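**Student:** This is the structure alone, sequence omitted:
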């Protein structure tokens, strides 16, 4: 069974994990052509096109952060093409229901880019993403990935992120689902992921202690064990 890795808004930073799975960058990332409009339906359609082109009838989707949102969107639209979901550092919807929350979020995240570039602004964007005991190279690897994201692609992807809401579909997910959560994740809080695990039929959750939002970089050994557990169960 093919496993497809779906990265977050900071770009792919899978390292060795990409040796055992298909690393699918969002259109516009890693030198690929951007979408005419960055939306979740367009991302889902692009992923479906990739699977069709590669002859992948059904896949396990491993989605981190916004990649987890793409995975949720994809399984809602094409349930027959998904064998299993592994969702980590993700949520069933973006932030609060009040539009002012999204506006404030965009101002805070796009502010560092005003008069600057991703290469210069990426470090500030990573603040608060890590737990207290991250691997020594975690920040450098995350920074390298984020600095490689084109400025306009980052802006468009961030705006797309604020439109996501699949809360109504959680109880309808019909494939085996495992969630992996960091107990220090501020972007995808543990309580939110626990509620997801309670809502998705048959889902279970694996909690990584002392991990923030970038679990695979912060706690690579613990994440590798959790991912193996999720894929083999």
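**Tutor:** Alright, I've got the coordinates. A quick note: this is a predicted structure, and the numbers were derived from the prediction, not measured. Numbers count the residues shown, from 1 in each chain.

**Student:** and residue 87, what element?
**Tutor:** strand 82-88 (DSSP states H and E).

**Student:** elements contacting the next helix or strand after that strand?
**Tutor:** Scanning the chain past strand 82-88 towards its C-terminal end, the next helix or strand to appear is helix 99-110 (assignment: DSSP H and E). Helix 99-110 makes packing contacts with helix 151-161 when contacts are defined by 3 or more CB pairs under 8 Å, 6 or more residues apart in numbering; DSSP states H and E. C-beta here means a position set from N, CA and C on the backbone, and glycine is covered the same way.

**Student:** can you do 10 Å?
**Tutor:** With contacts taken as 3 or more CB pairs under 10 Å, 6 or more residues apart in numbering; DSSP states H and E, helix 99-110 sits against helix 118-125, helix 151-161.

**Student:** Direction included, what does whatever helix or strand comes next after the longest one pair up with?
**Tutor:** Past helix 151-161, further along toward the C-terminus, the next helix or strand under DSSP H and E is strand 177-182. Strand 177-182 has the following sheet partners, assigned by DSSP bridges: strand 82-88 (parallel), strand 204-208 (parallel).

**Student:** okay, those strands, which one's buried deepest?
**Tutor:** Using mean count of other CB atoms under 10 Å, the stretch among these with the largest mean neighbour count is strand 82-88, at a mean of 24.

**Student:** any idea of the mean pLDDT in that one?
**Tutor:** Across strand 82-88, pLDDT averages out at 98.

**Student:** Mind picking out the helix or strand in the chain with the poorest mean pLDDT?
**Tutor:** helix 99-110 (a mean of 85; mean pLDDT, DSSP states H and E).

**Student:** and the host helix or strand of residue 69, what does it pack onto?
**Tutor:** Here residue 69 is covered by helix 66-77, with elements defined by DSSP H and E. Judged by 3+ CB pairs under 10 Å, 6+ apart, the packing partners of helix 66-77 are strand 2-6, helix 40-53, strand 59-64, strand 82-88, helix 151-161, strand 177-182, helix 190-199.
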